[in-house]
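Undergrad: Give me the fold of what follows.
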Amino acid sequence: MKLYKKVFLTLSGAGILLGGCKTKRTPPPPVKLYRVSAVIIQRDHNRSAAYLCDTDGDGLIDAHVDYAYRYNQRRLLRHALHIGDTIKFYTENPHDVYQNVFYHRGHPDSINDKPTDQLLDAFERQMQIDELRQSVTPQKQR
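TA: As a prediction, this is how the structure comes out:
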């Protein structure tokens, strides 16, 4: 029992003493993001918000860009993006053929030089107005 008390008191005392020490943690190095500009050449029909794009301006497909947004935003992107639109986004490796575009709050992407959030909000509002107008108009009888 004496050994148990000595070990317990020693360990608890060491824990209390070390609890007040501040350990110096080095933060992970920041991830360097590169801005990529691409023109949509073709829509990928297998994925709802994926596009085949030209990144170097030669008119040939160079990248597969997949927007990894929430479901509602992916639905809006499917209707908002068209062939010939210019998209700009940030990525860790600009030379990857398959790009997954995630939303970074500090690094917003754009569509035709308009912020994506602003464009999607306006498009969603317009879709809601269209739905409201369709629900109010009387149905034509045959």
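Undergrad: ok, then the element right after the longest strand anywhere in the chain?
TA: Counting residues, the longest strand in the chain under DSSP state E turns out to be strand 34-43. Past strand 34-43, heading to the C-terminal end, the next element that is a helix or strand (DSSP states H and E) is strand 50-54.
Undergrad: That following strand pairs with which strands, and in what direction?
TA: For strand 50-54, sheet partners with direction are given as strand 34-43 (antiparallel), strand 63-67 (antiparallel), following DSSP bridges.
Undergrad: buried set for the longest one?
TA: What it means is strand 34-43. By neighbour count, with 16 or more other Cβ atoms under 10 Å as the criterion, the buried positions of strand 34-43 are 36-41, 43. Quick note: C-beta positions are derived from backbone N, CA and C, even for glycine.
Undergrad: Now for the closest residue to residue 56 other than its chain neighbours, how many residues are close by?
TA: Closest residue to residue 56 in three dimensions, ignoring its sequence neighbours and counting by Cβ to Cβ, 6 or more residues apart in numbering: residue 62, at 5.8 Å. In terms of burial, residue 62 registers 17 neighbours under the definition other Cβ atoms under 10 Å.
Undergrad: In terms of helices and strands, where is residue 94?
TA: Using DSSP H and E, residue 94 sits in no helix or strand.
Undergrad: wouldn't it be in contact with residue 33 here?
TA: No - contact status for residue 94 versus residue 33: not in contact, 9.3 Å apart, counting by Cβ atoms under 8 Å.
Undergrad: how many other residues sit next to the closest residue to residue 64 other than its chain neighbours?
TA: In this structure, residue 64 finds its nearest non-sequential neighbour in residue 98, 5.0 Å apart by Cβ to Cβ, 6+ apart. Neighbour count of residue 98, defined by other Cβ under 10 Å: 9.
Undergrad: Nothing else from me, thank you.
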